[in-house]
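>>> Predicted structure and sequence below. I'll ask about it afterward.
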Amino acid sequence: MDRLNSWLAVLANLGVLVGIIVVVLELNQNSEMVRAQTRNELSNGIVGLLSAGAENSELASIMRRANSGEELTADEFVQFEERQAAMYRYWENVHYQYRQGLYDETEFSKQLEAWRAYVNQSKAVADQWCKFRSIVAEDFAAEVDGLLVRFSC
């Protein structure tokens, strides 16, 4: 009887061990799925922002004129400002997802290169960043501030 109880205890322990291994594997799969979903959502976000100018000639004109230093009407300036705010919120989300481990180092470094090019493309874009930076997380603001080369706040 003792021998049977010992074997049952061993089998029960093996069952627990197998259960733990299965849970670990499921957690890893879930983590990869969350990373893929995050990447997809971030991709959709930037495609939407970038497509807006391609699909809306008025917005494209406003962006071009603002970036070349031309005057904008008050309404056009609001459109430009809101477009910039949306872009910076998108960036903040990418930065947050990266800090949470849901965006890998290689992709994030490419994001930083794109941000550097974008924020230094014109005084208007940099000025909007300087106005916007006070309402974002400090670590994100410091990250973008470090990308400013041609302009400063």
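In hand now; what should we look at? Residues are numbered from 1 along each chain as shown.
>>> Can you check the pLDDT for the residue most central in space within the chain?
Centroid-nearest residue in the chain, with CA atoms, centre = their mean: Val94, separated by 1.1 Å. pLDDT recorded at Val94 is 94.
>>> ok, it - contacts?
Contacts for Val94 (CB atoms under 8 Å, 6 or more residues apart in numbering) come out as Leu42, Tyr103, Phe108, Gln111. C-betas here are computed from N, CA, C, even on glycine.
>>> what helix or strand is the last one on?
Per DSSP states H and E, Gln111 falls inside helix 105-119.
>>> list the helices and strands the following helix or strand past that helix packs on?
Under the assignment DSSP H and E, the closest C-terminal helix or strand after helix 105-119 is helix 123-132. Packing partners of helix 123-132 (3 or more CB pairs under 8 Å, 6 or more residues apart in numbering; DSSP states H and E): helix 57-67, helix 74-99, helix 105-119.
>>> swap the cut-off to 10 Å and go again
Packed against helix 123-132 by the contact rule (3 or more CB pairs under 10 Å, 6 or more residues apart in numbering; DSSP states H and E) you find helix 57-67, helix 74-99, helix 105-119, helix 138-145.
>>> So for the nearest residue to Leu147 once chain neighbours are set aside, what's the pLDDT?
Of all residues not flanking Leu147 in the chain, Arg116 sits nearest, at 4.3 Å (CB to CB, 6 or more residues apart in numbering). As predicted, Arg116 sits at a pLDDT of 97.
>>> And the pLDDT at Ala141?
97.
>>> For it, list the residues it contacts.
Contacts for Ala141 were tallied using CB atoms under 10 Å, 6 or more residues apart in numbering; they are Tyr88, Glu92, His95, Trp129, Phe132, Arg133, Ser134, Ile135, Cys153.
>>> and the second one, how many neighbours?
So the one you mean is Glu92. Using other CB atoms under 10 Å, Glu92 is surrounded by 18 other residues.
>>> wait, what's in contact with the residue nearest to Leu147?
Arg116 neighbours (CB under 10 Å, 6+ apart): Val144, Gly146, Leu147, Leu148, Val149.
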